[in-house]
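# Any chance you could fold what I've pasted below:
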Amino acid sequence: MNNSGVNVTWIPEKRRAVDPPGAAWPDTYGEVIDQIACPAYCCTLTGTILHGNRSARRLWGRARLPIGEGCWDGFAALYRPDGSPVEKSSSPAALAARTGVAPPPTELVAESSDGQRRCLVVHARPIRGGKGATVGVLCSLTDISERRRLGQEVQCARDSREGFLRVLAHELRNPLASVMAVAAILRRQPGELGIVRMARVIERQTRQLARFIDDLLDASRVEQACDIPVALRAASLRDVMALARDVAEGVLRGRGQTLRVDLGAAEGVLDTTLWCDPGRLAQALGNALLNASEFSDDGAEVALAARIDGAFLEISVSDNGIGVEASELLAMFEPFRKLAGHSLRAPSGAGLGLAIARSICVAHGGMVSAHSAGPGQGTRLKFILPVVLDVLSA
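Okay, here's the model as predicted:
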């Protein structure tokens, strides 16, 4: 690096002492280039390529050197990532020769003499002679074709899955809505108590299926790095807690588990006004309750605690279940990631609940964390959300 802060390459002092200034640089750099594993070459100020290692010549599809004036890179053609052509006089090597300054690493699509195209990152640095004048250019190439191909395949797979999930949700919602409507009608009809009970079971299970479909769509958004949409409005903590309990109540009852709610010593905490999306926030808490139920014994207790700290709402969901290794706590919030399950219970769900819960918290400007003392020591999820409207509007 010279005094101006520009990256340049200098000819070794010993070689300059015996040769005219800049005269022997091609031989000097040719020896160095042959030892470089990545494709590398050097060219003159007029674009004649004097030396290139084997890796570079394989990319070019050329076996013999030198390559004529104005070539600059050895390829038949260069293109930008969007497909537009790059003039030889605008290639990184030409820019380094003309300006004497190393341009930033440049991603290009290079076409070899046999028509094959590769995605490359081109690094070009000017070579200085004895008196500091630019005498040539040293270039190296990084082939990122495979990385680009794999990235495109991953994106294509994500797009296909998202499209499939959207079609699936659309196709399933209509019949689910019909089943739920019929169940509601049966439940309201006078008749045998057994029919009413069955109607309630159908209604409850259909509602769970509808939530699962919504979870699939939400998880797709999370994987695409999109925020879960929230519609903020004023709502009471009482409403949010009631909705959250409704999400998990059927599962808890089916396993004989009890839900203990702790609101601390503060009076009227349930009447606190929040600025939130009550449905989404209840979904996050409900998912945490379902997670606690999943990893706890039948008949166990799950605790839901809430308190107000200034503008912040703090909610925790605790259980005395199988616990989590410290190294796996962060993995709990990854989409489709399922940790070891309860030994006496068949695995259920798709591993989406906590990933969605975290995304909902982030969309509210909050955060969620997980704590566990280890296997067999239970787990506690803690939500902190700046949503208390009573304080914010004071």
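
# okay, CA-based contacts and neighbour counts for the rest of this
OK.

# and residue 361, how many neighbours?
21 (other CA atoms under 10 Å).

# Need the three-state assignment for it.
With DSSP: H, G, I helix; E, B strand; the rest coil as the basis, residue 361 sits in helix.

# again with residue 205
helix.

# if I look at it, how far off is residue 295?
According to CA to CA, to the nearest Å, residue 205 stands 21 Å off from residue 295.

# quick one, which of those two is more surrounded?
For residue 205 and residue 295, the more surrounded residue by other CA under 10 Å is residue 295, and the numbers stand at 23 against 15.

# Residue 318 is in contact with the more buried one, correct?
No: the criterion here is CA atoms under 8 Å, and residue 295 misses it with residue 318 at 11.0 Å.

# Retrieve the pLDDT associated with the residue nearest to residue 87 when sequence neighbours are not counted.
Excluding the flanking residues, the one nearest residue 87 by CA to CA, 6 or more residues apart in numbering is residue 78, at 7.5 Å. For residue 78, the pLDDT comes out at 90.

# Quick check: phi and psi at residue 78.
For residue 78, the backbone dihedrals are phi -120, psi 150 (criterion: degrees, to the nearest 10).

# where exactly do the strands run in the stretch 101-250 of the chain?
According to DSSP state E, counting those that start in this stretch, the stretch 101-250 of the chain carries its strands in the segments 106-111, 117-128, 134-143, 233-236.

# if we can go back for a sec, which residues touch the residue nearest to residue 87?
85, 86, 87, 88, 108, 109, 110, 111 (CA atoms under 8 Å, 6 or more residues apart in numbering).

# So which of those residues wins on neighbours?
residue 110 (28 neighbours).

# From residue 251, how far off is that one?
In terms of CA to CA, residue 110 sits 58 Å off from residue 251.

# Please apply the same query to residue 356.
Taken as CA to CA, the span from residue 356 to residue 251 is 19 Å.

# Can you tell me what sits against stretch 355-369?
Stretch 355-369 is contacted by residues 215, 218-219, 222, 227-230, 276, 280-281, 283-285, 287-288, 332-335, 381-387 when judged by CA under 8 Å, 6+ apart.

# Buried only: go through these for me.
For the contacts of stretch 355-369, a neighbour count by 16 or more other CA atoms under 10 Å gives the buried set as 215, 218-219, 222, 228, 276, 280-281, 283-285, 287-288, 332-335, 381-387.

# Would you map the helices across the stretch 101-250 of the chain?
Secondary structure of the stretch 101-250 of the chain (DSSP state H, counting those that start in this stretch): helices at 145-188, 193-223, 237-254.

# Nearest to residue 62 among the ones you listed would be which one?
helix 145-188 (19.7 Å; CA to CA).

# which secondary structure elements does that closest one contact?
strand 117-128, helix 193-223 (3 or more CA pairs under 8 Å, 6 or more residues apart in numbering; DSSP states H and E).

# ok, residue 356 to residue 327 distance?
Distance from residue 356 to residue 327, by CA to CA: 21 Å.

# who has more neighbours, these two?
residue 356 (28 against 8).

# what helix or strand does the more buried one sit in?
Under the criterion of DSSP states H and E, residue 356 resides in helix 353-363.

# Assign a three-state SS to residue 284, would you?
Under three-state DSSP, residue 284 comes out as helix.

# Check which element follows the helix or strand bottoming out on mean pLDDT in the chain along the chain.
Using mean pLDDT, DSSP states H and E, the weakest-scoring helix or strand in the chain turns out to be helix 13-18, at a mean of 40. The first helix or strand that comes after helix 13-18 along the chain, using DSSP H and E, is helix 25-33.

# which parts of that following helix are buried?
Those would be 25, 26, 29, 30, 33, for helix 25-33 by 16+ other CA under 10 Å.

# which one of the residues you listed is nearest residue 100?
Among the buried residues of helix 25-33, and counting by CA to CA, the member closest to residue 100 is residue 25, at 16.1 Å.

# Next, work out how far apart that closest one and residue 73 are.
18 Å.

# Equivalent analysis for residue 97, please.
12 Å.

# what does residue 144 give?
Applying CA to CA to residue 144 and residue 73 gives a distance of 17 Å.

# what about the two, which has more around it?
More crowded of residue 144 and residue 73, by other CA under 10 Å: residue 73, with 27 against 15.

# Remind me which helix or strand that one belongs to.
Using DSSP H and E, residue 73 sits in no helix or strand.

# Make sure it is actually in contact with residue 90.
No: counting by CA under 8 Å, residue 90 is not a contact partner of residue 73; they are 11.1 Å apart.

# What sits closest to residue 282 if chain neighbours are left out?
With sequence-adjacent residues excluded and distances taken as CA to CA, 6+ apart, residue 282 is closest to residue 244, at 4.3 Å.

# Next, count neighbours for the residue nearest to residue 246 when sequence neighbours are not counted.
Spatially, and ignoring its direct neighbours in sequence, residue 246 is nearest to residue 286 (7.8 Å; CA to CA, 6+ apart). When neighbours are counted by other CA under 10 Å, residue 286 registers 26.

# thought residue 286 was touching residue 248?
Yes: counting by CA under 8 Å, residue 286 touches residue 248, with 5.7 Å between them.

# And stretch 168-180, what's buried?
Applying 16+ other CA under 10 Å to stretch 168-180 flags 169, 173, 176, 179, 180 as buried.

# actually stretch 303-323, not the one I wrote
Going by neighbour count (16+ other CA under 10 Å), the buried part of stretch 303-323 is 303-304, 306-308, 311-323.

# Give me the contacts around it.
With CA under 8 Å, 6+ apart, stretch 303-323 has contacts from 259-264, 269, 285, 288-289, 292-293, 295-297, 300-302, 342, 372-392.
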